[in-house]
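>>> could you work out the structure for the sequence below:
(chains A and B)
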Amino acid sequence: MMDFDFNPEERVLTCIFKGRLDTILSNQLSAELDSKYISLSENEDINGLLDFSLVFDLKDVSFISSSFIRLCLAGKKRVRDGSFCILNSDPFIKKTFKIAGLDEILKVK
Amino acid sequence: MTENLMERANDILERAILAAAEFQEFNQEQTDKVVGAVYKAALNARIKLAKMAVEETGIGIWEDKMWKNVIGTQLVYENIKDERTVGVINDDPITGISEIAQPLGPIFAVTPVTNPTSTAIYKILICMKTRNPIIISSHRNAARSTGEAARICYEAALAAGAPEDCVQMIPAGSRDFTQTVMAHPRVALILATGGTGLVKAAYSSGNPAIGVGPGNVPVFIDESADIPFAISSIIRSKTFDNGTVCASEQSVIVEEKIAKEVREEFERQNCHFMTPEEIQKVEQVAVIKESMSMSPFIVGQSVETIAQKSGISVPIGTKILLAELKGVGRDYPLSVEILAPILAFYTAKDYNSAIKLCIDLNYLGGIGHSAGIYANDDKRIMEFSQLINAGRIVVNTPTSQGAVGGTFNMLPPSLTLGCGTGGKNITTENITVKHLINIQRVCRRKMNDRFFSIDRSKYLDENCNEADLRFEYHKNH
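I've put the predicted structure just below:
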């Protein structure tokens, strides 16, 4: 489902997703992600920009729903410009971001 | 001024309408006689027209233009000659539906500078076969050769009994006039082959249009491919008419594990990998950075000319200039479509990364056009094809010739390649006669027994749900 890997020196949070990220699961992950962001951030303003970079690793993901794409967009908005990227997307998932017109904005690699 | 343009447009369309009126009286035999005559005259003029086109436009190689003329005449003719395009073209006693082909009316055809005579002949042939008069608007730099192709076809058509004014040319060079004719209410269809601006103008005219989109053809060489064969095929295609075919290869993508072998094979077959300095010089002359589009001055030019213009020196006999690039888009000008013997080359760390690069290149201005794959693994061929947005995915085939059809595969030969909605087109098909007829369907009474056997009061009963109605519909069948 979802694992976290936080590198405190470089201040990078990698969220490693697994399986089918359908609407129901994505909605469940949303709250979990939010609390993770807040727990790691040293920024006193909890609604302010996070003080670390965010990486979504999709290595073992077979399907993403539009809700998951919204989670990506929400993640991107929480960090400084250029501090969000998506790694290891499968070609089919890459195409999904491409069709949504978001592969560049979300830095899908 | 505007009134004058409209008057001139009215005159052209009046002539075309009279031709259309007469044409619709033709039977299949009379029609085929005209098509046969046009084909013969155009095929006989193949060399003269090829030489004229190269001389006038300064683009490409006459021998290859000659081959394009052969595709536009002989191959198109052989493909369409036995098709029924007049009267009842299909009659199905089981469904009770008969199909009748009707001509559309005056067709406004725009022809490009890169393939002027072959496109004109091909469009005239498919219009004559469908009994539609054609009005040709050529690119201003190819007006003389296109005009000569049209004249030869028109005279042959007239001699075979075709209506007067069934082929007309409008003077090239006036954009306003072209747009006035294009938007004229009596134009039945626009057949637009040309740049993006022109195709957009065609679709915005208010008349139905069949346009084409721009290409940016990626070619993936899989590890299962026969590499020397793949490279010689790519060279054959990319050097054809100095790369002017819009389906020609624009980038080659390989996995790291075969990159060295592919590179060495390109070099062995006289292609030159440019140094980063050379790439910088070539991109200055090949691409207009502001618009990220190819420069018209290098379209269809030889390697020698491009090298000379860029101030680089390459061995004599170099066939293609290859640019090894690390990315796609604005920072890598040579990743865009360039109709000249310049080819981008990418190495990806694994299969998935290679395919993702192909997707990026495909979406960089070439959605819906064509793509190529060299592989001997059908699973990969099908996977690649599903991931790429292209009207034609040609397999183990030079993309220029493969996409145009008629030679390396069974696609209908055509010089107008639909690019689907991705390329802002209505179809992904190769345009041919079936797109130039209105098919009327005569639908004889054939009762739908299932529907009429239901007690229809059940539909008015709120207690009857889908399952009940489905049961009723299929009962006793």
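>>> chain center to the helix or strand where residue B:108 lies, what's the gap?
Here residue B:108 sits within strand B:107-111, counting by DSSP states H and E. On the basis of C-alpha atoms, centre = their mean, to the nearest Å, strand B:107-111 sits 13 Å off its chain's mean C-alpha point.
>>> list the strands paired with it, with their directions.
With DSSP bridges as the test, strand B:107-111 is paired with strand B:134-138 (parallel), strand B:189-192 (parallel).
>>> which parts of the last one are buried?
Of the residues in strand B:189-192, those scored as buried under the neighbour-count criterion (16 or more other C-beta atoms under 10 Å in any protein chain shown) are B:189-192. Just so you know, the C-beta spots here come from the backbone N, C-alpha and C atoms, and that holds for glycine as well.
>>> for the strands paired with strand B:107-111, which one sits closest to residue A:98?
Closest to residue A:98 of the strands paired with strand B:107-111, according to C-beta to C-beta: strand B:189-192, at 27.0 Å.
>>> mind checking what helix or strand follows that closest one in sequence?
Per DSSP H and E, strand B:189-192 leads on to helix B:196-203 as the next helix or strand towards the C-terminus.
>>> for chain A, what are the nearby residues on chain B?
B:352, B:355-356, B:359-360, B:363, B:383, B:387 (C-beta under 8 Å from any C-beta of the partner chain).
>>> want to throw those residues into TSV with distance to residue B:122?
Supplementary listing: the residues of chain B next to chain A in TSV, determined by distance: C-beta to C-beta, whole Å:
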residue	distance to residue B:122
B:352	40
B:355	34
B:356	36
B:359	32
B:360	33
B:363	29
B:383	34
B:387	31
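>>> quick one: which of these is the most crowded by neighbours?
Counting neighbours by other C-beta atoms under 10 Å in any protein chain shown, residue B:355 comes out on top of the residues of chain B next to chain A with 26 neighbours.
>>> I'd guessed that one sits against residue B:222; true?
No: the criterion here is C-beta atoms under 8 Å, and residue B:355 misses it with residue B:222 at 9.9 Å.
>>> which stretches in the stretch 101-250 of chain B count as strands?
When assigned using DSSP state E, counting those that start in this stretch, the strands of the stretch 101-250 of chain B occupy the ranges B:107-111, B:134-138, B:167-170, B:189-192, B:209-211, B:217-221, B:249-255.
>>> what helices or strands is the third one leaning on?
Strand B:167-170 sits against helix B:2-23, strand B:134-138, helix B:143-159, helix B:175-182, with contacts defined as 3 or more C-beta pairs under 8 Å, 6 or more residues apart in numbering or on different chains; DSSP states H and E.
>>> what's the closest residue to residue A:64 other than its chain neighbours sitting at in phi/psi?
Counting by C-beta to C-beta, 6 or more residues apart in numbering or on different chains, residue A:64 lies nearest to residue A:21, which is 4.8 Å off, once chain neighbours are set aside. Here the main-chain torsion angles of residue A:21 (degrees, to the nearest 10) amount to phi -100, psi 70.
>>> number of nearby residues for residue A:21?
One way to gauge burial is a neighbour count; for residue A:21, by other C-beta under 10 Å, it gives 23.
>>> repeat for the one 3 residues further on
In terms of burial, residue A:24 registers 11 neighbours under the definition other C-beta under 10 Å.
>>> what of residue B:436?
The number of residues packed around residue B:436, counting by other C-beta under 10 Å, is 24.
>>> redo the strands paired with strand B:107-111 as JSON lines? Include mean pLDDT.
As requested, the strands paired with strand B:107-111 are exported to JSON lines (pLDDT from 0 to 100):
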{"stretch": "strand B:134-138", "mean pLDDT": "97"}
{"stretch": "strand B:189-192", "mean pLDDT": "96"}
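>>> got TSV for those strands, with distance to residue B:21 too?
Listed next are the strands paired with strand B:107-111 as TSV, based on distance: least, C-beta to C-beta, whole Å:
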stretch	distance to residue B:21
strand B:134-138	15
strand B:189-192	17
